[in-house]
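Undergrad: here you go, sequence then predicted model.
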Number of protein chains: 2
Amino acid sequence: MAIAGVGETTYYKRGQSPDPEFKLVLKAILAACEDAGISPREIDGFASFSNDRNDPSRLSAALGLAELRFSNMQWGGGGGGASAAIANAAAAVVSGLADCVVAYRGLAQGQFARFGQGARIPGVSGDAAYTLPYGVMSPAQMFAMRSTRLMHEHGIRQEALRAVSLAAYHHAQNNPNAVMQGRPLTPEKYDDSRWIVEPFHLYDCCLENDGAAAVIVVAAERARDLPNKPCYLLGAAIGSGYRDGASVHNQPDYATSTFKTVAPRLFEMAGVSPRDCDVVQSYENFTGAVVMSLIEHGFVSYEEANDAITFDNLIAPTGSLPLNTSGGNLAEFYMHGLGLNIEAIRQIRGTSCNQVPDVKVSFVNAGPMVTPVSNAIFGSEETL
Amino acid sequence: MAIAGVGETTYYKRGQSPDPEFKLVLKAILAACEDAGISPREIDGFASFSNDRNDPSRLSAALGLAELRFSNMQWGGGGGGASAAIANAAAAVVSGLADCVVAYRGLAQGQFARFGQGARIPGVSGDAAYTLPYGVMSPAQMFAMRSTRLMHEHGIRQEALRAVSLAAYHHAQNNPNAVMQGRPLTPEKYDDSRWIVEPFHLYDCCLENDGAAAVIVVAAERARDLPNKPCYLLGAAIGSGYRDGASVHNQPDYATSTFKTVAPRLFEMAGVSPRDCDVVQSYENFTGAVVMSLIEHGFVSYEEANDAITFDNLIAPTGSLPLNTSGGNLAEFYMHGLGLNIEAIRQIRGTSCNQVPDVKVSFVNAGPMVTPVSNAIFGSEETL
């Protein structure tokens, strides 16, 4: 499987998109088609995630597809499904259900509800019924407790979280599509910023944007006929661990994420090890998630975390562990992780704003908080 | 790909389930595991459709899965996704994302909203905004117009619709799991029944039930080690045609369904022709849909329809075109078409209540009204 093209809209601050969400999605898909050098009529499948509101049947009518042959949604809310959508698109092509599948996400939080806000509905059910009475209402509050536990159990310092944030803002300064370009972050500014929920300062939390992104998946042979340098999907994994379906606060090992179980499957399918990965995109709803993911994917050990997760190590092209090289969810834009996948693809193509030299293996993970989560590894021609 | 096992709950009239919907789904999955001779802990993926409310993460926690590796939803409302869910489960196994995937559907219409009823929400959007002002509110009304057009353009008579209904009720009398067992239908009773919307009498319309059904998909090699006679998935197709995403009432060829475009792909993937199919399960939201599907899948031509779609031809085991041999959505129960898929599987195994002798190729289609639609062909060992 290979990536034929990627597309993105301009990203707007929440509420500032001049277009409705559906039109944003169409724009992103058309941009991906142009990037891929294919006609939109060649598309025959769609995959999205997290209860995307932009129905493939309406998309096909709007794009004038001859026939829609695959139309699938990764179950579960949150950003865990971004790489899963790409995996599902690839599974459709592998199994012959479709030939040219778009993984996409449209998210105009300004036009619908905000994810970062607590539940406001009068009838509360599910997990929320157990957490709301204790004042745990927003994603930041929920993930703060897990991150605190991680820091407590393994002596992870606030500086590791800060380094993730500083690296993202540093990378965003070179990225014209980044919402935070022109608004650099310093250690002092980070330290002085308000707490959202300890251990998360303002700059530890993802953005909230209006926009859309799209990734076109085709068979490897097809990709070789297209203008872009081929980017291959070496592997992808989706998953939840035991009891992840219960409340996230009711798990046997509270300081870990689901990647503990999903990571080994990814590396096995891709046939590479963490050491082979030249560049890493790791989903940041909050910076604590990145620290957790880097450890659970084997990029650093618990013991190494404080020394390895530093600004110098995380920046491209000079760092030893270049991370979130577009600015990521913190400083580029928040498209529920699909943007991180696109940046992982750009690094293979050699077209990132913060290009790591000679990338052969490019890693991305999506969402450690809401399960199922997912991750993917892309490779260059040399890795096949 | 193969079917390891199938499971169903008792089916209740809408509103009469003693269990909540989620528990019904668990019961159906456990029944499928028992049928397959596997432990529920062997399941590592879930596929459903039509915005099923029973989240796989919660299912995995309740079933005690070691790890959830695939969790997918066929997009789009209605019954078009039943075979698609099986196709998606198979795609997950083919592509290595998971090994043992349950396609399922839980539907307690008594505990949530009824599908058969018109929109009652105060804010109406999408297609409904264009049809409600003209009094087109319920699925029966919407599909009545298409069926009428079919009958008008091709001279299809009411007797063809009646034959579909009579065959379903006839088959249900031998099926202890059928809601309508013990309530046989005669031509006179059909003719005397009230119109819901012309050309649909009461008995042309599907049931509304509480219940759940599950189908376990595994690799063919795995199925050969299990107790049941293996049933192979020879092919499955999913799709919408051009402009299906626009209002269903705004299509170039109003007297047809999406199967016009999806049917050829199914037969091509399965490597069989309509003539090879020994038994047919065809989704009946309303009987008009069956007539449309039988024609568009090539089982009968427009010209043959009145002569071929007769009670004598449609009943098992003696008819030349045995149809909906469990009673289907009209007389067995309405599980959004997953029950029809299960009956198609039973016919391969030789365990139907109305078994057609020596079935090698078993056909099913799901949903001609709401797109995407889907269909599947199952085969016995001899067909491989």
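TA: Cool, got the structure.
Undergrad: in the stretch 51-200 of chain A, which spans are helices?
TA: A:56-63, A:82-94, A:127-131, A:139-154, A:158-172, A:187-192 (DSSP state H, counting those that start in this stretch).
Undergrad: any idea which of those helices scores lowest on pLDDT?
TA: The minimum mean pLDDT among those belongs to helix A:127-131 (a mean of 71).
Undergrad: quick one: distance of the helix or strand in which A:Gly7 is found to the chain centre.
TA: Under the criterion of DSSP states H and E, A:Gly7 resides in strand A:2-8. Centroid separation between strand A:2-8 and its chain, computed with CA atoms, centre = their mean, to the nearest Å, is 15 Å.
Undergrad: and it, average pLDDT?
TA: 98.
Undergrad: which strands and helices sit next to it?
TA: Strand A:2-8 sits against helix A:21-36, strand A:209-218, helix A:220-224, strand A:231-241, helix A:338-349, with contacts defined as 3 or more CB pairs under 8 Å, 6 or more residues apart in numbering or on different chains; DSSP states H and E. Backbone N, C-alpha and C define where each C-beta goes, glycine included.
Undergrad: most packed of these?
TA: strand A:209-218 (a mean of 29; mean count of other CB atoms under 10 Å in any protein chain shown).
Undergrad: how many neighbours does A:Ile196 have?
TA: A:Ile196 has 18 neighbouring residues, counting by other CB atoms under 10 Å in any protein chain shown.
Undergrad: show me what contacts it?
TA: Counting by CB atoms under 8 Å, 6 or more residues apart in numbering or on different chains, A:Ile196 touches A:Ala140, A:Leu202, A:Asp204, A:Cys205.
Undergrad: can you name the residues of the stretch 1-150 of chain A that neighbour chain B?
TA: A:46, A:48, A:55-62, A:64-76, A:84, A:87-88, A:90-92, A:94-97 (CB under 8 Å from any CB of the partner chain).
Undergrad: quick check on these: which are buried?
TA: A:46, A:48, A:55-62, A:65, A:67-76, A:84, A:87-88, A:90-92, A:94-97 (16 or more other CB atoms under 10 Å in any protein chain shown).
Undergrad: buried sites along stretch A:377-384?
TA: So for stretch A:377-384, counting by 16+ other CB under 10 Å, buried means A:Ile377, A:Phe378, A:Gly379, A:Ser380, A:Thr383.
Undergrad: how far does that stretch sit from the chain's center?
TA: Using CA atoms, centre = their mean, the offset of stretch A:377-384 from its chain centre is 20 Å.
Undergrad: ditto for stretch A:217-233
TA: Using CA atoms, centre = their mean, the offset of stretch A:217-233 from its chain centre is 22 Å.
Undergrad: cool, stretch A:278-286 as well?
TA: The answer for stretch A:278-286 is 7 Å, by CA atoms, centre = their mean.
Undergrad: quick one: mean pLDDT over that stretch.
TA: On average, stretch A:278-286 scores 97.
Undergrad: what's the answer for stretch A:368-381, then?
TA: 90.
Undergrad: could you give the number of residues near the residue nearest to A:His154 when sequence neighbours are not counted?
TA: On the basis of CB to CB, 6 or more residues apart in numbering or on different chains, the spatially nearest residue to A:His154 that is not a chain neighbour turns out to be A:Tyr302, at 4.5 Å. Neighbours of A:Tyr302 under the rule other CB under 10 Å: 15.
Undergrad: one more: the one 4 residues further on?
TA: Residue neighbour count, defined by other CB under 10 Å, stands at 17 for A:Asn306.
Undergrad: quick check, it in a strand?
TA: No - using DSSP: H, G, I helix; E, B strand; the rest coil, the assignment for A:Asn306 is helix, not a strand.
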